[in-house]
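Participant: dropping the sequence and predicted coords here.
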Amino acid sequence: MAHRLLRSGLTRSRELKLGGRSVVARGLTNSPWADVYHTAMVVSWPKFLGALAAMFCALNVLFAFLLMLGKEPIANARPGSFADLFFFSVETISTTGYGDMHPQSLYGHGVATVEIFFSLVATAAITGLIFARFSRPRARLIFARHPVVQRHDGTPTLMLRLANARSSFISEATAKLWLLGPTSTAEGRRYVGFQPMQLLKAENPAFALSWTLFHRIDAGSPLFSKTSDEAIAEDIKFVVSISGLDETSAQTVNSRYTYSAVDLRWDHEFIDMLHRDELGRSHIDFSKVHAIKPYVR
């Protein structure tokens, strides 16, 4: 679910996107410092590395300024040279220590000691964040842009297609499908909530190439008796969630995708992604994962 911050004067709000629907959330603390770990995990790599570089420079500037408050705290540093003290701080915080400059007073040793402590803590924290970002399990699934509705075994059926973009198996893959839309109580109160949508085959023992999900639009379906115009007018969403064990990383991976009612293509079908050549070999064309055509009865 994508989000971004919106500024309006002194107030802040957060826009949440679910399919084609936008909801503006207010009343929450949107400062990145409120949840540093989460911010570090969800921000883009350029922003993450840029923030680390900015913090690195700011920390070295701070300690260079502290060193300037002492009387010749660093040997071989030019008197009054902020650049020399800055680069001495860089050598200290990175544990490089070329040896040309070193503390020569009690004050200099004290500042260097505090800086080394901060560098140990910062190095451990940054190493943990980078490892967490690299090791976070993610599934590379391609969801077809448009679900289709056609007759399948004599019953109108909602179909969703997805493909595994990695050359590895997702074992014990499980799919779940929900409808997000308005409901009314006996008292006439209107709520927007999730309704489960039963899938014909919700499990895949070895998801490797492509997978088509089927939901029969019968009397037990939330879509039963709804027309395309009614579904669009009610701003219905479909949320599909996939989870399973990635055999390469031996980690559980999850992926979610949201469709809007306007994404549905009624009386259409998917174009087959698989074909056989003259030698009998099977081929799959991932460029056709989104391909659909009108359903001919």
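Facilitator: Done, it's in.
Participant: now do the buried residues in the longest strand along the chain.
Facilitator: Secondary structure assigned by DSSP state E gives strand 170-184 as the longest strand of the chain. For strand 170-184, the neighbour count (16 or more other C-beta atoms under 10 Å) marks 170, 173, 175, 177-181 as buried. All C-beta spots, glycine's among them, are computed from the backbone N, C-alpha and C.
Participant: for H283, give its distance to L209.
Facilitator: 11 Å (C-beta to C-beta, to the nearest Å).
Participant: what's the domain layout of the chain?
Facilitator: With domains defined by automatic domain parsing, the chain comprises 31-135, 141-294.
Participant: can I get those domains in a markdown table with distance to A25?
Facilitator: A markdown table is the format used below for the domains of the chain (distance: least, C-beta to C-beta, whole Å):
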| stretch | distance to A25 |
| --- | --- |
| domain 31-135 | 14 |
| domain 141-294 | 15 |
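Participant: among those domains, which is nearest V23?
Facilitator: domain 141-294 (10.2 Å; C-beta to C-beta).
Participant: show me the shaky parts of this protein.
Facilitator: Residue ranges of the chain with pLDDT under 70: 1-22, 27-34.
Participant: what about the residue of the chain positioned farthest from its centre, distance to E234?
Facilitator: When distances to the mean C-alpha position of the chain are computed (C-alpha atoms, centre = their mean), the maximum falls on K71, with 50.8 Å. Distance of K71 to E234, given as C-beta to C-beta: 75 Å.
Participant: skipping adjacent residues, who's closest to I126 in space?
Facilitator: Leaving aside its sequence neighbours, I126 sits nearest to L52 (C-beta to C-beta, 6 or more residues apart in numbering; 6.4 Å).
Participant: quick check, the one you found in a strand?
Facilitator: No: counting by DSSP: H, G, I helix; E, B strand; the rest coil, L52 is not found in a strand; it is helix.
Participant: gap between it and L129?
Facilitator: From L52 to L129 the distance is 9 Å (C-beta to C-beta).
Participant: identify the contacts common to these two.
Facilitator: Common contact partners of L52 and L129 (C-beta atoms under 8 Å, 6 or more residues apart in numbering): none.
Participant: is the residue farthest from the centre of the chain in contact with Q104, as I believe?
Facilitator: No: K71 is beyond contact range of Q104, at 10.3 Å (criterion: C-beta atoms under 8 Å).
Participant: which one's more surrounded, H283 and L209?
Facilitator: Set H283 next to L209 and count neighbours by other C-beta atoms under 10 Å: L209 wins out with 14 against 9.
Participant: other residues contacting stretch 116-136?
Facilitator: Against stretch 116-136 from outside (C-beta under 8 Å, 6+ apart): 37, 40-41, 45, 48, 52, 55, 59, 92-95.
Participant: now a ChimeraX select for only the buried ones of those residues.
Facilitator: In ChimeraX, this line selects whichever of the contacts of stretch 116-136 come out buried by 16+ other C-beta under 10 Å:
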select :40,48,59,92,93
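Participant: just the contacts of stretch 116-136: which are in helices?
Facilitator: The helices, defined by DSSP state H, take in 37, 40-41, 45, 48, 52, 55, 59, 92-93 from the contacts of stretch 116-136.
Participant: ok, so of these, who is nearest L66?
Facilitator: Nearest to L66, judged by C-beta to C-beta, of those is L59 at 10.9 Å.
Participant: OK, contacts around that closest one?
Facilitator: Residues near L59 by C-beta under 8 Å, 6+ apart: 89, 93, 118, 122.
Participant: and it, how far is that from Y37?
Facilitator: Relative to Y37, L59 is positioned 19 Å away (C-beta to C-beta).
Participant: how about A291?
Facilitator: Taken as C-beta to C-beta, the span from A291 to Y37 is 41 Å.
Participant: repeat for V192
Facilitator: With C-beta to C-beta as the criterion, V192 and Y37 are 31 Å apart.
Participant: could you do P156 as well?
Facilitator: For P156 relative to Y37 (C-beta to C-beta), the value is 46 Å.
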